[in-house]
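Asker: have a look; sequence and predicted model below, questions after that.
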Amino acid sequence: MALKESEAIVLRTYPLRESDLLVTLFTRLEGKVKGVARAAKKSKRRFGGALEPLTYVRAFYDDRERQELARLDSCEVIESPMATEISYSRAVALGHVAELLDELLPDREASDAVFRLSLAVLRELRGAALWMPITYFELWMTRLMGFLPEFTECVVCGRSLEGSRAFYHALVDGLMCRDDKRVASSELSPESRKIAAQMLRSRVSEFAEIDWPKAVGSDLRKFLLQILERHIEKKLVTAGMLEKIGS
Ligand SMILES: [Zn+2]
């Protein structure tokens with residue numbers, strides 16, 4: 001049987017037996033694919049450096065009858081995040097992108113929009129910028145997964161939130177006006193709502209020149225992560241790690 005060939009982003013690898021690796025790939029061809037890379041730890045020729053998380057690769061694989069896991073034949077590096085030096089905060093940011101893709105994408109369902117988003121955000125994460133690409137990625141993943149609520153009206157009474165305060169709560173889908181907010185709600189600032197609106201109609205590269213400390217959009221990220229965690233019904237490991245990183 002002919003090998004399938006696809007651009008892919010490596011999401012995770014786990015050691016399997018002595019020298020094999022279990023690899024999760026986000027392929028352009030058919031979405032998230034899990035496969036076994038035989039003797040990957042020994043074979044520099046077939047996999048040399050290509051299985052580091054978030055490497056953009058060309059993957060060759062095939063499916064075996066009655067087996068859930070694909071057989072990963074080889075990978076060629078197209079672009080590696082290791083090409084530039086990796087700081088701890090950048091490693092956490094890359095891990096966050098990988099975790100979101102791994103948790104949110106269904107198996108074997110292609111999404112060119114998510115693939116293009118991921119490549120564009122990974123490109124921005126090569127520079128010094130951290131919080132801008134993360135915010136952009138979380139926002140667009142929430143939208144592309146179909147979880148993003150309306151920013152302009154109260155989810156309870158339908159009143160417009162333009163020019164007034166907006167609140168969110170871990171157990172509520174959407175923003176609430178001052179009258180309908182629940183106890184222990186947090187506020188989503190007008191600045192962050194404006195940033196979200198701008199990001200939803202712009203490319204990530206358009207924000208590249210903006211100085212973006214951690215405080216910018218932090219309420220927006222908290223709001224988005226609450227939505228995402230509610231849908232996957234678990235806490236994101238990398239969310240806690242990001243929280244501990246300084247400005
Ligand atoms: Zn309301």
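Answerer: Nice, I can see it.

Asker: contact residues of the chain facing the ion?
Answerer: Within the chain, the positions near the ion by CB under 5 Å from the ion are C154, V156, C157, R159, C177, D180. Every residue, glycine included, has its C-beta placed from N, CA and C.

Asker: look up how far F223 lies from the second one.
Answerer: Separation of V156 from F223 (CB to CB, to the nearest Å) stands at 16 Å.

Asker: the residues of the chain next to the ion in helices, which ones?
Answerer: Secondary structure assignment (DSSP state H) places none of those within helices.

Asker: would you turn the residues you listed into TSV with pLDDT and neighbour count?
Answerer: Listed next are the residues of the chain next to the ion as TSV, based on pLDDT from 0 to 100; neighbours: other CB atoms under 10 Å:
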residue	pLDDT	neighbour count
C154	97	21
V156	96	15
C157	97	10
R159	96	14
C177	97	19
D180	97	15
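
Asker: okay, these in JSON lines with distance to R193 next?
Answerer: Shown next, in JSON lines, are the residues of the chain next to the ion (distance: CB to CB, whole Å):
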{"residue": "C154", "distance to R193": "13"}
{"residue": "V156", "distance to R193": "17"}
{"residue": "C157", "distance to R193": "18"}
{"residue": "R159", "distance to R193": "15"}
{"residue": "C177", "distance to R193": "13"}
{"residue": "D180", "distance to R193": "17"}
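
Asker: just give me the closest of those residues to Q198.
Answerer: Within those, the smallest distance to Q198 is 21.8 Å, found for C154 (CB to CB).

Asker: show me the helices in the protein, by range?
Answerer: Counting by DSSP H, the helices of the chain are 44-47, 88-104, 112-124, 131-144, 190-199, 218-232, 237-244.

Asker: now the residue located most distally from the centre of the chain: how far from G163?
Answerer: For the chain, the largest distance from the centre (CA atoms, centre = their mean) belongs to D179, which lies 33.8 Å off. Distance, D179 to G163, using CB to CB: 15 Å.

Asker: likewise for R90?
Answerer: Relative to G163, R90 is positioned 38 Å away (CB to CB).

Asker: and for L104?
Answerer: Taking CB to CB, one finds L104 at 33 Å from G163.

Asker: among those two, which residue is more densely surrounded?
Answerer: L104 (18 against 6; other CB atoms under 10 Å).

Asker: ok, now which ones touch the more buried one?
Answerer: M141, M145, L228, H231, I232 (CB atoms under 8 Å, 6 or more residues apart in numbering).

Asker: would TSV of these with pLDDT and neighbour count be doable?
Answerer: Shown next, in TSV, are these (pLDDT from 0 to 100; neighbours: other CB under 10 Å):
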residue	pLDDT	neighbour count
M141	98	23
M145	97	18
L228	96	18
H231	94	15
I232	95	13
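
Asker: and which of those residues is nearest to F167?
Answerer: After measuring these against F167 - CB to CB - the closest member comes out as L228, at 18.6 Å.

Asker: could you list every helix and strand in contact with the least confident helix or strand in the chain by mean pLDDT?
Answerer: Least confident helix or strand, the chain: helix 44-47 with a mean of 80, by mean pLDDT, DSSP states H and E. Applying 3 or more CB pairs under 8 Å, 6 or more residues apart in numbering; DSSP states H and E, one finds that helix 44-47 makes contact with strand 70-79.
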